[in-house]
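>>> sequence first, then the predicted structure:
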Amino acid sequence: MLEEFHDTRFPPDISLGARGGPERKTQVVVRANGRETRNQQWADSRRRYNAAKGVRSVNDLHKVVEFFEERRGRMFAFRWKDWADFKSCPPGDAISATDQVLGVGDGVQKEFQLVKTYGATFQPYTRKILLPADTAPVVVAVGGAPAVGFVLDETSGLITFASAPPAGEDVTAGFEFDVPARFDTDMLELTLNAHVQGSVTNIPIVEVLL
């Protein structure tokens, strides 16, 4: 994990109103005959958000300013809860130990990285999960049976078993997770509409790729 990281979560009641989602970078070249050549320039997506819509009161403003100042603007990264995508399963479902396949045991390997896979048919994308959340326990299974005897690193998402899972057995997990993120500005432009109401034009947040 980066040294410039504070293991604390942006106020989740404010991030609940945020807009945003995954971003990719694709180079599109249109040839003379009108056909396209497309090149994917980023191997991983990067998420961007704007938390301004989540600010509903002057106290919300204060929480954002306090959080911003302690992070020194863009300097220190933090945990961000993406309410549209924060579980190993769909957001409205309950997590289970078989939600995501982390790998297949070979009788030797003891370490498995938390991941979330998107899609299944054409070209699935596997996202590394670095920040499992403390809002729910991480549940693990080996061959479909609940696993015991493992340690979870909460700032890398790495699971280490005391004994290597048997060869041929799927290692799966269910979890909630946060996004490593930072402010994408060094200035907050605040407006105080009344003694109990406030707003801010822009609170840009960007995922930190580690």
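Received, thanks.
>>> quick one: contacts for Phe10?
Phe10 sits next to Ala51, Phe67, Phe78, Arg79, Trp80, Lys81, Ala181, Ile205 when contact means CB atoms under 8 Å, 6 or more residues apart in numbering. (C-beta placed from N, C-alpha, C; glycine too.)
>>> selecting buried members of those residues in PyMOL, what would you type?
Entered in PyMOL, the line below selects the buried ones among the contacts of Phe10, by 16 or more other CB atoms under 10 Å:
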select buried, resi 51+67+78+79+80+81+181+205
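>>> just checking, which of the contacts of Phe10 belong to helices?
Counting by DSSP state H, the contacts of Phe10 place Phe67 in helices.
>>> just the ones of the contacts of Phe10 in strands?
Cross-referencing the contacts of Phe10 against strands under DSSP state E gives Phe78, Arg79, Trp80, Ala181, Ile205.
>>> show me what the first one is bridged to.
Looking back up the chat, that one is Phe78. Phe78 has these beta-bridge partners by DSSP bridges: Ala181.
>>> do the last one as well
Here Ile205 sits in beta bridges with Tyr49, Phe183, as judged by DSSP bridges.
>>> from Asp170, how far out is it?
35 Å (CB to CB, to the nearest Å).
>>> thinking again about what came up before, now tabulate the contacts of Phe10 in JSON lines and tack on pLDDT and distance to Ser88.
Formatted as JSON lines, these follow (pLDDT from 0 to 100; distance: CB to CB, whole Å):
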{"residue": "Ala51", "pLDDT": "96", "distance to Ser88": "24"}
{"residue": "Phe67", "pLDDT": "98", "distance to Ser88": "27"}
{"residue": "Phe78", "pLDDT": "98", "distance to Ser88": "22"}
{"residue": "Arg79", "pLDDT": "98", "distance to Ser88": "17"}
{"residue": "Trp80", "pLDDT": "98", "distance to Ser88": "17"}
{"residue": "Lys81", "pLDDT": "98", "distance to Ser88": "14"}
{"residue": "Ala181", "pLDDT": "98", "distance to Ser88": "19"}
{"residue": "Ile205", "pLDDT": "98", "distance to Ser88": "22"}
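>>> between the contacts of Phe10, which is nearest Glu4?
Nearest to Glu4 among the contacts of Phe10, counting by CB to CB, is Phe78 at 10.1 Å.
>>> isn't the closest one right up against Val206?
No - at 11.7 Å, Phe78 does not count as touching Val206 under the criterion of CB atoms under 8 Å.
>>> and for those two, which residues touch both?
With CB under 8 Å, 6+ apart, Phe78 and Val206 have common neighbours Ala181, Arg182.
>>> that older thread, would you check which pair of the ones in strands among the contacts of Phe10 lies furthest apart?
Going by CB to CB, the pair spanning the ones in strands among the contacts of Phe10 furthest: Arg79 and Ile205, at 11.2 Å.
>>> need the residues touching each of the two.
Common neighbours of Arg79 and Ile205 (CB under 8 Å, 6+ apart) are Phe10, Ala181.
>>> this completes my enquiry, with thanks.
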